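Engineer: Take a look and give me a structure for this.
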Amino acid sequence: MRVSVAEAVGRTLAHLGVAHAFGVVGSGNFHVTNALIAAGVPFVATRHEMGATCMADAFTRVTGRVSAVSVHQGCGLTNAMTGIGEAAKSGTPIIVVSGDTPAYEKTSNFYIDQDAAVAALGASPHRIHRASTAVADTCRAFADAVTQRRTVVLSLPLDLQAAEIDWDPADVRLPATIRSGDASPDAVRELAELLRRAERPVIVAGRGARGAAAELRALAATTGALLATSAVARGLFADDPWSVDVMGGFSTDPVADLIADADLVVAFGAVLTRWTTRNGALARAKTLVQVDDRAAAIGSHQAVDLGVIGDAAEVACAVEALLARDGGSPSGGYRTAEVRTRIDQTRRWRDIPYEDEGDDAHIDPRTLTIALDDLIPSERVLTVDGGNFCGYPAMFLRVPDERGFVLPLAFQSIGLSLASGIGAGVASPGRVPVVGLGDGSFMMSHVELDTAVRLGLGIVVVVYNDDAYGAEAQHFTTEDLRTVVFPDTDIAAIARGYGCDAVTVRSLDDIEPVRAWLAGPRTRPLVIDAKIAAFPSWMNAHAMSKH
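Structural biologist: Numbers count the residues shown, from 1 in each chain. Model (predicted):
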């Protein structure tokens, strides 16, 4: 089949298995985008390139399937860069297809060194080098994303796009299946012995262990270990009575104390960042083990006593079999009646007593979030932004499983969650997409409400509105705050302007429209402008303790 290079790239990506595409189309990516669509890849036209990248990032996090982003050369790519940085830091395998100005046209308004810009973000730059190598170059870029779990930017120079080549699906090479090697038998025995001797073991799972829930539960049962997750893997053990939910800054203090008192923490597919360890406090005075299929991840954030290279499920299965043969943990581990009672009573933030800070014009964000948790169906997918408020939606709202939570904060940028929530919603038919964000984040990103309206997406957007960049306003309390505090904004009116349903909430009496919206048909977004009481959250203390 004789096709243009642009069409060959689109066809090849579709043949390789790209599940969904998002983007903003201009002259430099027009033909490749249409080729993707013609080859059967669903496409969402977004209002901004960063939104497109965040949607793709979230879609792939939720589904595990590679998605694509299509952007114009130069400024289209730079508009997407914060989203690319987030995806790259999260190890999300997405393909960003960008037009590119030919290298000999350095006087073009669109010219930048795209490969250098992409590499600076930690993403992997690839390009179409010649018309004759277009299919092979595209296959190589896709394989890099899949096998190395990288965010890839594939640059498609304008001077090559119209050239014609023969395209044959038989020339499209799928990525090789790479199976991680078995963990060292010595390492398996050493980990088994550490667990056998431990009196208070905790197993924490990260995104790298999302496929290993059953094996980790079995290992924890054999050793008497408590189960926890990093923030980004929240929901992996949602229904387990011995799960303490998230380890780290999102933990309740009683749960954090349980982890602090552990004598052994074994991390599977989690790199033990400062967030997961509360700036190292939860890693002190205990033995630390890290299991990961990437050698570079071992000890990358926290010094560990033992590193085991291998697949999380396979290592857990091998260690459990060894221990089960020997009768498990002689001490019974951490699973005592007293600990179980403590978990039952203190694992959920909504069960921790608090004094309501609301007044006649403002609702306490905890009171609001508990009420919404009771109203919104449990089959949901939750996306949370950063800020003083972020612990409330992140931890007061339940999630059904690991596919029900997206936390786009690897780059610590605010303003990514609305688009990410749309991508998560597209990836989760049958679930209610829920986004929790601050007014600052909303004002940065509300343009993508138009995308949600066009999709007919029944998404709930909860804006925790304190008329400020709340993290800074609550941290720099003794200084001039005029740079971070803003006049009251009618966010509900903005949302209605896009075609959304909207409600302003100042007290629990105001949430009845939410109940009515949830009753159906939920064919357009609901934006909740929650005028919240402003006070320092526990998350702000963790977030601002180290920049």
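Engineer: Check the burial of Gly76 by counting its neighbours.
Structural biologist: Look at Gly76: counted by other Cβ atoms under 10 Å, it has 23 neighbours. (Each C-beta comes from the backbone N, C-alpha and C, glycine too.)
Engineer: residues contacting it?
Structural biologist: When contacts are counted by Cβ atoms under 8 Å, 6 or more residues apart in numbering, Gly76 touches Val24, Gly26, Gly28, Asn29, Glu49, Ser98, Gly99.
Engineer: Let's see that with 6 Å instead.
Structural biologist: Gly26, Glu49 (Cβ atoms under 6 Å, 6 or more residues apart in numbering).
Engineer: Averaged pLDDT, stretch 316-326. What do you get?
Structural biologist: For stretch 316-326, mean pLDDT is 92.
Engineer: cool, stretch 159-169 as well?
Structural biologist: pLDDT averaged over stretch 159-169 gives 95.
Engineer: do stretch 211-218 as well
Structural biologist: In this model, stretch 211-218 has a mean pLDDT of 96.
Engineer: gap between that stretch and the chain center?
Structural biologist: 21 Å (Cα atoms, centre = their mean, to the nearest Å).
Engineer: Now it: buried residues?
Structural biologist: Ala212, Ala213, Glu215, Leu216, Arg217, Ala218 (16 or more other Cβ atoms under 10 Å).
Engineer: Could you list which of these belong to strands?
Structural biologist: Among these, none falls in strands (DSSP state E).
Engineer: Residue ranges of each domain in the protein, please.
Structural biologist: 2-171, 185-346, 349-543 (automatic domain parsing).
Engineer: Throw the ones you listed into a markdown table and include distance to Arg179, thanks.
Structural biologist: Shown next, in a markdown table, are the domains of the chain (distance: least, Cβ to Cβ, whole Å):
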| stretch | distance to Arg179 |
| --- | --- |
| domain 2-171 | 11 |
| domain 185-346 | 8 |
| domain 349-543 | 22 |
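Engineer: Tell me which of these sits nearest to Thr177.
Structural biologist: domain 2-171 (8.8 Å; Cβ to Cβ).
Engineer: Give me the distance from stretch 74-86 to the chain's centre.
Structural biologist: Stretch 74-86 has its C-alpha centroid displaced from the chain centroid by 17 Å (Cα atoms, centre = their mean).
Engineer: Can you give me the buried ones in that stretch?
Structural biologist: Using 16+ other Cβ under 10 Å as the test for burial, stretch 74-86 gives Gly74, Gly76, Leu77, Thr78, Asn79, Ala80, Met81, Thr82, Gly83, Ile84, Gly85, Glu86.
Engineer: Give me the subset of these lying in helices.
Structural biologist: Gly76, Leu77, Thr78, Asn79, Met81, Thr82, Gly83, Ile84, Gly85, Glu86 (DSSP state H).
Engineer: show me what contacts the last one?
Structural biologist: Spelled out, it's Glu86. Listed by Cβ under 6 Å, 6+ apart, the contact set of Glu86 reads Pro408, Ala410, Phe411, Leu416.
Engineer: what do you get for the fourth one?
Structural biologist: Each residue near Asn79 by Cβ under 6 Å, 6+ apart is listed here: Glu49, Met50.
Engineer: how close does it get to Ser98?
Structural biologist: Relative to Ser98, Asn79 is positioned 11 Å away (Cβ to Cβ, to the nearest Å).
Engineer: Also the second one?
Structural biologist: As defined by Cβ to Cβ, Leu77 lies at a distance of 5 Å from Ser98.
Engineer: Check the last one too.
Structural biologist: Computed as Cβ to Cβ, the Glu86 to Ser98 distance reads 17 Å.
Engineer: and if you look at the fifth one?
Structural biologist: For Met81, the distance to Ser98 (Cβ to Cβ) stands at 11 Å.
Engineer: what do you get for the first one?
Structural biologist: The spacing between Gly76 and Ser98, counted by Cβ to Cβ, is 7 Å.
Engineer: Give the residue spans of the stretch 301-450 of the chain that score low on pLDDT.
Structural biologist: Low-confidence segments of the stretch 301-450 of the chain (pLDDT under 70): 328-329.
Engineer: how about the strands of it, start to end?
Structural biologist: Read by DSSP state E, counting those that start in this stretch, the stretch 301-450 of the chain holds these strands, from start to end of the chain: 306-309, 380-384, 405-406, 432-438.
Engineer: pLDDT at Ser545, what is it?
Structural biologist: Looking at Ser545, its pLDDT reads 59.
Engineer: do the same with Asp144
Structural biologist: Listed pLDDT for Asp144 reads 97.
Engineer: got the contact list for it?
Structural biologist: Asp144 neighbours (Cβ under 6 Å, 6+ apart): Ser124, Arg150, Val152.
Engineer: mind putting the residues you listed in CSV, distance to Thr138 and pLDDT included?
Structural biologist: Below are the contacts of Asp144 laid out as CSV (distance: Cβ to Cβ, whole Å; pLDDT from 0 to 100):
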residue, distance to Thr138, pLDDT
Ser124, 14, 98
Arg150, 15, 96
Val152, 10, 98
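Engineer: Most neighbours among those, which one?
Structural biologist: Val152 (27 neighbours).
Engineer: wait, isn't that residue in contact with Val146?
Structural biologist: No - look at Val152 against Val146 with Cβ atoms under 6 Å: they stay out of range, at 9.3 Å.
Engineer: burial of Arg207, as a residue count?
Structural biologist: 21.
Engineer: cool, and Gly181?
Structural biologist: The number of residues near Gly181, taken as other Cβ under 10 Å, comes to 11.
Engineer: show me the contacts for it.
Structural biologist: Counting by Cβ under 6 Å, 6+ apart, Gly181 has no contacts.
Engineer: pLDDT below threshold where in the stretch 151-300 of the chain?
Structural biologist: Across the stretch 151-300 of the chain, the ranges flagged by pLDDT under 70 are 180.
Engineer: now the helices for it?
Structural biologist: Under the criterion DSSP state H, counting those that start in this stretch, the stretch 151-300 of the chain contains helices at 158-161, 185-197, 213-223, 253-260.
Engineer: which strands and helices sit next to the first one?
Structural biologist: Packed against helix 158-161, as judged by 3 or more Cβ pairs under 6 Å, 6 or more residues apart in numbering; DSSP states H and E, are the following elements: helix 5-16.
Engineer: Check the third one too.
Structural biologist: Helices and strands touching helix 213-223, by 3+ Cβ pairs under 6 Å, 6+ apart, are strand 201-205, helix 312-325.
Engineer: winner for burial among those?
Structural biologist: strand 201-205 (a mean of 29; mean count of other Cβ atoms under 10 Å).
Engineer: Report the buried residues of stretch 127-144.
Structural biologist: 127-128, 131, 133-139, 141-144.
Engineer: got it, and stretch 438-454?
Structural biologist: Those would be 438-446, 448-453, for stretch 438-454 by 16+ other Cβ under 10 Å.
Engineer: What is the nearest of the residues you listed to Ala58?
Structural biologist: Ala58 lies nearest to Glu448 out of these, by Cβ to Cβ, at 11.8 Å.
Engineer: hang on, the earlier thing: for the contacts of Glu86, which single residue is the most surrounded?
Structural biologist: Using other Cβ under 10 Å as the neighbour criterion, Leu416 leads the contacts of Glu86 with 32 neighbours.
Engineer: Mind listing what's buried along stretch 183-195?
Structural biologist: Buried residues in stretch 183-195, counted by 16+ other Cβ under 10 Å: Ala183, Ala187, Val188, Glu190, Leu191, Ala192, Leu194, Leu195.
Engineer: Run through the bridge partners of the residue nearest to the fourth one when sequence neighbours are not counted.
Structural biologist: By the measure of Cβ to Cβ, 6 or more residues apart in numbering, the closest residue to Glu190 outside its immediate chain neighbours is Leu306, 6.0 Å from it. Going by DSSP bridges, Leu306 is paired in beta bridges with Val289.
Engineer: correct me, but Leu306 touches Thr287?
Structural biologist: No - with contacts counted by Cβ under 6 Å, Leu306 stays clear of Thr287, the gap being 7.7 Å.
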